[in-house]
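Chemist: sequence first, then the predicted structure:
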Amino acid sequence: MPSHTEENYLKTIYKLAEAEPGQDVSTNRIAAALTTRAASVTDMLRRLAEKELLHYEKYRGVQLTPEGRRLALLTVRKHRLWEVFLVQQLGFNWDEVHEVAEELEHVQSPLLMRRLDEFLNYPTLDPHGDPIPAEDGAMRRPTQRLLAELEVGDRGTLAAVKDTSAPFLQYLDKVGLPLGAQVKVLDKVAFDNSLELRINRERTILISAEVGRNLFIT
């Protein structure tokens, strides 16, 4: 089994590749995502390449092998299942679960994860709206649009957040924008593309374009 550090690298590479499909993931992007030195990243990439978990060519970036991708998705699955458990069963808020799930995702018991999945009634989404991979790596991605792309009169359901940082999630709690909220665009301000929204047909709020670029709707 890969070490905790190796799992973190595989998961990070997977997420960076998902953000820019078809592009190799550069050493500098990995270093930035993990807040570490490029030299340290290079050493780890060579180790993972020796284990046939990724394809690495100096100055060309990396791609996960099928086995590397499988292990990355397994770590993502564990992380997101634990986030669901922490919110639903232990009363954590959605801005509190990430760091705890970062620790729990390295548990190496397939039976525990199957029992956890069953206990939670097989959730397909985590508390932030991200899809949870199945045990075989299959993952259904719902069709979504960024809220910022909507025009006046468009409507939808708030389905996921792009920015999962605690400050952003706390902001959404403060202004009352939970996942599942029904939103309708009442106005799009030409000056800065800020959006005036009707929430659940009850109240109106104004959000910045930056906020709109970090919310997905269906």
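Modeler: Arrived safely.
Chemist: for this protein, longest helix please?
Modeler: Ranked by residue count under DSSP state H, the longest helix found in the chain is helix 66-90.
Chemist: SS state for the closest residue to Leu206 other than its chain neighbours?
Modeler: Leaving aside its chain neighbours, Leu206 sits nearest to Glu196 (5.2 Å; criterion: CB to CB, 6 or more residues apart in numbering). Heads up, the C-betas are built off the backbone N, CA and C, glycines and all. What DSSP: H, G, I helix; E, B strand; the rest coil gives for Glu196 is strand.
Chemist: wait, doesn't Glu196 sit right on Arg203?
Modeler: No - with contacts counted by CB atoms under 8 Å, Glu196 stays clear of Arg203, the gap being 11.3 Å.
Chemist: between these two, which one's more packed in?
Modeler: Glu196 (15 against 9; other CB atoms under 10 Å).
Chemist: check contacts around that one.
Modeler: By CB atoms under 8 Å, 6 or more residues apart in numbering, the residues touching Glu196 are Val185, Leu186, Asp187, Lys188, Val189, Thr204, Ile205, Leu206.
Chemist: for Ala148, state which of those is nearest.
Modeler: Lys188 (9.2 Å; CB to CB).
Chemist: in the sheet, who's paired with that closest one?
Modeler: Leu195 (DSSP bridges).
Chemist: sorry, back to before: of the contacts of Glu196, select the buried ones using a PyMOL command.
Modeler: Command for PyMOL, covering only those of those found buried under the criterion 16 or more other CB atoms under 10 Å:
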select buried, resi 185+188
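Chemist: Val107: which of the contacts of Glu196 is nearest?
Modeler: Closest to Val107 out of these is Ile205 (39.8 Å), distances taken as CB to CB.
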